[in-house]
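Asker: Next input, structure requested:
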Amino acid sequence: MMLGSDVSSLSTDAATAAAQGLSIVVPVYNEAPGLALFHERLATLATTLKERHGLDCEVVYVDDGSADGTLAIAQSLPATTLDVQVVSLSRNFGKEAALMAGIDHFTKGAVLFMDGDGQHPPALVEQLVRHWIVEGYDVVYTAKAHRDNESFLRRQAVRGFYALINWGARQKIPEDAGDFRLLSPRAAAALRQLPERNRFFKGLATWIGFRQLRVDYEPAAREHGVTSFNPKQLIGLSIEGLTSFSVAPLRLASLLGLLLAFGAFLFGISILWETWVSGKSVPGYPSLVVGLMTIGGVQLLMIGVLGEYIGKILSELKARPIYFVAEHSVKRSAPDSTAQTTDRTAAE
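Answerer: Numbers count the residues shown, from 1 in each chain. Alright, predicted model coming up:
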């Protein structure tokens, strides 16, 4: 029985890559004000990629339950120089689910993930494509060049998160890496086969391996609106990543228990020393209360850490779908960029 997966047949040479094309997956949530302008930039980019690399492109917009007019605008976008898919989820499932919906629906060979808020510059896409086609990299990911514009506390929190998640990990997750990345056909095929429902995209895209390259860039300012991520969601995503890709919290709990036991042992030795040598007895009530509170707090902390992992196991065992598609439309660009064909399905 073969427990692995062979994707070696998906060649990464330039001729094959150009024939397979490129899918651009864009999860969107309440991006109505700037979506039309963003699509115009993608259309220009598709023309450039076709002329310079012979790539046929498509864009897959995944509407993650937007409350504004994002879905209607996305469905009205023209398929001039690239095919347009619009996948509308039945509710807001979160960005990780939206990315998975894009992975399930893209039809070209390679796939590029980018946000629709204008912070991922389309001009950088050609560089990522060049690293893939010309230099043969399978995963080309972007990372923030610096965090000078962020607070000291946030910078330290990010460093601490990556230090913890990579502690003892065989495959390190690059610090500051984002979702803006390109995967070759075989890397995309590998990512498609990962079965887990609790997904941490940055970790999965790193875990699959292959030849990977980091490209530093400075994200542009949002052209409209504000980010939908709040501190609570960021903390939740961090916990998701930690419990999905690292046993560091369990190791910390074990070390904490070991340190507590060692401290209790030393405390016991000191009590025996004072009793036998000096004849003094340590007062029982204060030491007893402090000891019980310490042990109780550590036990609750360990139970909480174990609960996070058990919750992940329960979620996987339930095997609920990651998302539901309410509407799905496809527009195919014609060779002369004047005619379009449209397919639409409801409630996939």
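
Asker: What helix or strand is the residue lying closest to residue 256 once chain neighbours are set aside located in?
Answerer: In this structure, residue 256 finds its nearest non-sequential neighbour in residue 298, 5.9 Å apart by CB to CB, 6 or more residues apart in numbering. In this view, the C-beta of every residue, glycine as well, is placed from N, C-alpha and C. Residue 298 is located in helix 284-318, with elements delineated by DSSP states H and E.

Asker: after that helix comes which helix or strand?
Answerer: Beyond helix 284-318 toward the C-terminal end (DSSP H and E), the next one is strand 325-333.

Asker: what packs against that following strand?
Answerer: Applying 3 or more CB pairs under 8 Å, 6 or more residues apart in numbering; DSSP states H and E, one finds that strand 325-333 makes contact with helix 70-76, strand 83-89, strand 340-346.

Asker: Those: lowest mean pLDDT?
Answerer: Ranked on mean pLDDT, the bottom entry among those is strand 340-346, at a mean of 46.

Asker: Strands of the stretch 1-150 of the chain, residue ranges please.
Answerer: 22-28, 57-63, 83-89, 110-113, 139-144 (DSSP state E, counting those that start in this stretch).

Asker: Sorry, wrong one. I was asking about the stretch 151-300 of the chain.
Answerer: Under DSSP E, counting those that start in this stretch, the stretch 151-300 of the chain gives strands at 177-183, 212-217.

Asker: Pick the most buried one from those.
Answerer: Among these, strand 177-183 has the highest mean neighbour count (mean count of other CB atoms under 10 Å), at a mean of 23.

Asker: now for that strand, which elements pack on it?
Answerer: Checking 3+ CB pairs under 8 Å, 6+ apart, strand 177-183 ends up next to strand 110-113, helix 125-133, strand 139-144, helix 201-207.

Asker: Averaged pLDDT, the shortest one. What do you get?
Answerer: Mean pLDDT, strand 110-113: 90.

Asker: so which of the helices and strands packed on strand 177-183 gets nearest residue 49?
Answerer: helix 125-133 (6.2 Å; CB to CB).
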